[in-house]
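Novice: What follows is a predicted protein model with its sequence.
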Amino acid sequence: MANQKKLGSQTIMFENPPVLTAWATIVGPKEGEGPWGSDFDWVMEDYEFGEESWEKAETKLLRETIKLAVSKKNYSPQDIELLVSGDLLNQITSSSFAARELQIPFLGMYGACSTMAESLLTAAMAIDGGYFERTVAAVSSHYYTAERQFRFPAEQGTQRSISSQWTVTGAGAVVLEKGIYGGPRLTCATIGKIIDMGQKDANNMGSAMAPAAADTIKTHLNDTDRSPDYYDLIVTGDLGKVGSALVKQLFIKNGVVPEPNYSDCGVLIFNDNQDTHAGGSGCGCCAAMLCGPLLKKMVQGKIARLLLVATGALMSPTTSFQGESIPGIAHAVALENL
Amino acid sequence: MNTSADQLKKIEAQEYDDLVNQTKPKPTVLKNCIWAFVIGGLICTLGQIILNFFMGQGLSKLDAGSATSVVMIFLAALFTGLGWYDVLGKHAGAGSIVPITGFANAIVASAMEYKREGYIFGVGARIFSVAGPTLVFGFAIAVVIGLIKVVFS
Amino acid sequence: MNELLMAFLVGGVLCLIGQLIMDLTKPAITPGHILVGYISVGALLSGLGLYQPLVDLAGAGATIPLSGFGHSLTQGTLKAVEESGLLGAISGGVEATAAGITAAIIFGYVAAVLFNPKG
């Protein structure tokens, strides 16, 4: 018997698309000063968020964002049946420690910067599969925790390369529910494969991830038999200026026509004068853009169909030191006003 | 082993790499070089002024040199602690990394960063995380040269 | 005045070389690599007798860049070999640069205790 819930090779179609009933995002100072500052729920005053370390600040950031999201529907964390969450830190401690206080059954996810899409599609599968009725997908990232883990101490006088990106300090959380009432719905998702074209420059992750984004988008459109203009906007997570320029060329190369209405959260989230070089990155990048401006535009009807393609670079400092190239992955989730 | 598939992959990777090199922005080499030259030169000039001061105080050339290093390291540590050295480094690039102040900045930045992990295994261990290899290689080469001299004299 | 100018010029050029290396080579070159490279090249050139002329010419312009630290390491080693032979080969470098190394450790620790990395 043909599997109705799977399309093509990598795409899952939800029979009863879960509804996004509430969402929230809290961001750091720099993001608040960007072009979408007023579309985020809260802007932190500083990067410490009243905590003793940046790691503790990120945990608090994620936890408070989840609490804020669920409170918008007058739920408490106990009303949520499953929390699917991830971040960039080793052992995804921001998520685990946030879940510790929230006491929600918890699945930790790691997809580097693609984690928002990964969490959303998993939280949606849990509902469409008939297991749960109310789940939360969330992610966080923090500039200083990421720099500390992946690159250099904060006070070291390094000169960032022009192609490097600025890890967004921000968290996003979405409440997904089973139901038939209105709201944007998560209709289908494409799970990406790891694509590694041999790029080794960890200061130019956009180049490493672009092939994965192009591959997932092409696969999604093939699997769903949709044309790129089915979507009002196809947006990638954090390819940045360099990566998004590359992916546009890959669209042509891969025969993705007509050229989609395409943008990238990493490029959108900061102004040019904020000196972020190639733009924003991190799990929080597409999470903040999604739970801030993008979903707002969906509610306003300005965007009816959105394809969010979150992209991740799956290397570690160890693999880079060992001379390995950077494996990229991209997951796509389709959000539609039905 | 499907070698023609491997070869195809290699060609694809090479083609993609060419595309990346075409697309990625080039560093502003001239601007960076001017900044590096000027800031590096100024830091060394400051060192010369301090060196002259110590020699004027009657220290031997060797001692004056050591004292100058100590003062430069102190200044770098101070500016790193105050959060100014990374601002300098952003513009000056090699102009702030190459002088001995860059060595001190790397040490202090690491030590400050890992304070949250405690004073023994945080600060204590991390003092040399970036500058450790520097000393290892410096010592190694000096010792080898010394041994060569021992053998040949 | 002349010696200040020479210090500025030679120091500037040594840093310029570092900048060119950073900008024009593969992205895997980090500040750490620059530090290791300069101290090593300084120590090596010193052993070949090629660094002292630069120091004579430019003073701090040659001793402040980290290559100058490498030069001190080698010169200290060579001097100690003359005095104490094999033992000198091992201890000479550290002895000559002890002030700088200790200063780095102590000031590093104190700065870490007194200051927090800023967001």
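Specialist: That came through, no problem. Just so it is clear, the structure is predicted and the values come from calculations on it, not from any experiment. Residues are numbered from 1 along each chain as shown, chains lettered A, B, ... in the order given.
Novice: From now on I want contacts and neighbour counts done on CA atoms only, so please keep to that.
Specialist: Noted.
Novice: Help me confirm that residue B:121 is found in a strand?
Specialist: No: Residue B:121 is assigned helix when assessed by DSSP: H, G, I helix; E, B strand; the rest coil, not a strand.
Novice: For it, list the residues it contacts.
Specialist: By Cα atoms under 8 Å, 6 or more residues apart in numbering or on different chains, the contact list for residue B:121 is empty.
Novice: Endpoints of stretch A:183-199, how far apart?
Specialist: Taking Cα to Cα, to the nearest Å, stretch A:183-199 runs 40 Å from one end to the other.
Novice: Show me which helix runs longest in chain B.
Specialist: Of all the segments assigned as helix in chain B under DSSP state H, the longest by residue count is helix B:29-56.
Novice: Quick check: mean pLDDT of it?
Specialist: The average pLDDT within helix B:29-56 is 96.
Novice: Repeat that for stretch B:123-133.
Specialist: 85.
Novice: cool, stretch A:260-276 as well?
Specialist: 95.
Novice: ok, now stretch A:29-45?
Specialist: Confidence for stretch A:29-45, expressed as mean pLDDT, is 97.
Novice: cool, stretch B:92-101 as well?
Specialist: For stretch B:92-101, mean pLDDT is 95.
Novice: Dump it to PDB, keeping only the CA atoms.
Specialist: C-alpha atoms of stretch B:92-101 as PDB (Å, rounded to 0.1, in the frame of the first residue of the first chain):
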ATOM      1  CA  ALA B  92      45.000  46.500  13.600                       C
ATOM      2  CA  GLY B  93      45.000  42.800  12.900                       C
ATOM      3  CA  ALA B  94      48.600  41.700  12.800                       C
ATOM      4  CA  GLY B  95      49.600  45.100  14.200                       C
ATOM      5  CA  SER B  96      48.300  44.000  17.500                       C
ATOM      6  CA  ILE B  97      49.000  40.300  17.300                       C
ATOM      7  CA  VAL B  98      52.700  40.300  16.300                       C
ATOM      8  CA  PRO B  99      54.100  42.500  19.000                       C
ATOM      9  CA  ILE B 100      54.700  40.800  22.400                       C
ATOM     10  CA  THR B 101      51.500  42.600  23.500                       C
END
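Novice: does any bit of the longest helix of chain B sit next to chain A?
Specialist: No: Helix B:29-56 stays clear of chain A (Cα under 8 Å from any Cα of the partner chain), getting no nearer than 9.6 Å.
Novice: State the number of residues packed around residue 80.
Specialist: With no chain named, the answer covers chain A. 21 (other Cα atoms under 10 Å in any protein chain shown).
Novice: The intended chain is chain C.
Specialist: Residue C:80 is flanked by 22 other residues according to other Cα under 10 Å.
Novice: Show me which residues of the top helix by length along chain C are buried.
Specialist: For chain C, the longest helix by residue count, based on DSSP H, is helix C:86-114. Using 16 or more other Cα atoms under 10 Å in any protein chain shown as the test for burial, helix C:86-114 gives C:86, C:88-97, C:99-101, C:103-105, C:107-112.
Novice: And the residue most central in space within chain B, how far from residue C:34?
Specialist: Nearest to the geometric centre of chain B sits residue B:97, at 4.2 Å (Cα atoms, centre = their mean). Residue B:97 sits 8 Å away from residue C:34, going by Cα to Cα.
Novice: who does residue A:106 bridge with?
Specialist: Beta-bridge partners recorded for residue A:106 (DSSP bridges): residue A:83.
Novice: which ones are touching it?
Specialist: So residue A:106 contacts A:82-85, A:99 (Cα under 8 Å, 6+ apart).
Novice: Any chance of JSON lines for the residues you listed, columns pLDDT and neighbour count?
Specialist: Listed next are the contacts of residue A:106 as JSON lines, based on pLDDT from 0 to 100; neighbours: other Cα atoms under 10 Å in any protein chain shown:
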{"residue": "A:82", "pLDDT": "98", "neighbour count": "23"}
{"residue": "A:83", "pLDDT": "98", "neighbour count": "27"}
{"residue": "A:84", "pLDDT": "98", "neighbour count": "28"}
{"residue": "A:85", "pLDDT": "98", "neighbour count": "32"}
{"residue": "A:99", "pLDDT": "97", "neighbour count": "23"}
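Novice: Closest one of these to residue A:36?
Specialist: residue A:85 (24.0 Å; Cα to Cα).
Novice: What parts of chain B come near chain A?
Specialist: For chain B, the residues in contact with chain A (Cα under 8 Å from any Cα) are B:12-13, B:16-17, B:19-20, B:23-27, B:80-81, B:83, B:85-93, B:96-97, B:102, B:105-106, B:109-110, B:113, B:116.
Novice: Using neighbour counts, give me the buried entries of these.
Specialist: With burial judged by 16+ other Cα under 10 Å, the buried subset of these is B:13, B:16-17, B:20, B:23-24, B:80-81, B:83, B:85-93, B:96-97, B:102, B:105-106, B:109-110, B:113, B:116.
Novice: okay, the residue in chain A positioned nearest to chain B: pLDDT?
Specialist: Per Cα to the nearest Cα, residue A:157 is where chain A lies closest to chain B, at 3.8 Å. We note a pLDDT of 88 for residue A:157 in this prediction.
Novice: Who are the contact partners of it?
Specialist: Residue A:157 makes contact with B:85-90, B:93, B:96-97, B:102, B:105-106 under the criterion Cα under 8 Å, 6+ apart.
Novice: Just send those residues back as a markdown table, with distance to residue B:58 and secondary structure too.
Specialist: Output for the contacts of residue A:157, formatted as a markdown table (distance: Cα to Cα, whole Å; DSSP: H, G, I helix; E, B strand; the rest coil):
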| residue | distance to residue B:58 | secondary structure |
| --- | --- | --- |
| B:85 | 32 | helix |
| B:86 | 35 | helix |
| B:87 | 36 | helix |
| B:88 | 33 | helix |
| B:89 | 34 | helix |
| B:90 | 38 | helix |
| B:93 | 35 | coil |
| B:96 | 30 | helix |
| B:97 | 31 | helix |
| B:102 | 28 | helix |
| B:105 | 30 | helix |
| B:106 | 32 | helix |
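Novice: returning to that earlier point: so the residue nearest to the centre of chain B is in contact with residue B:90, correct?
Specialist: No: using Cα atoms under 8 Å, residue B:97 makes no contact with residue B:90, being 10.3 Å away.
Novice: Show me the common contact partners of the two, please.
Specialist: Residues touching both residue B:97 and residue B:90 (Cα under 8 Å, 6+ apart) are A:157-158.
Novice: Next to chain C, which bits of the stretch 151-300 of chain A? Give me the list.
Specialist: So the stretch 151-300 of chain A meets chain C at A:154-155, A:158, A:201, A:203 (Cα under 8 Å from any Cα).
Novice: and of those, the nearest to residue C:30?
Specialist: Proximity of those to residue C:30 (Cα to Cα) peaks at residue A:158, which lies at 8.6 Å.
Novice: What count of nearby residues applies to that closest one?
Specialist: Other residues near residue A:158 come to 25 when the count uses other Cα under 10 Å.
Novice: Phi and psi next, for it.
Specialist: The phi/psi pair for residue A:158 (degrees, to the nearest 10) reads phi -100, psi 160.
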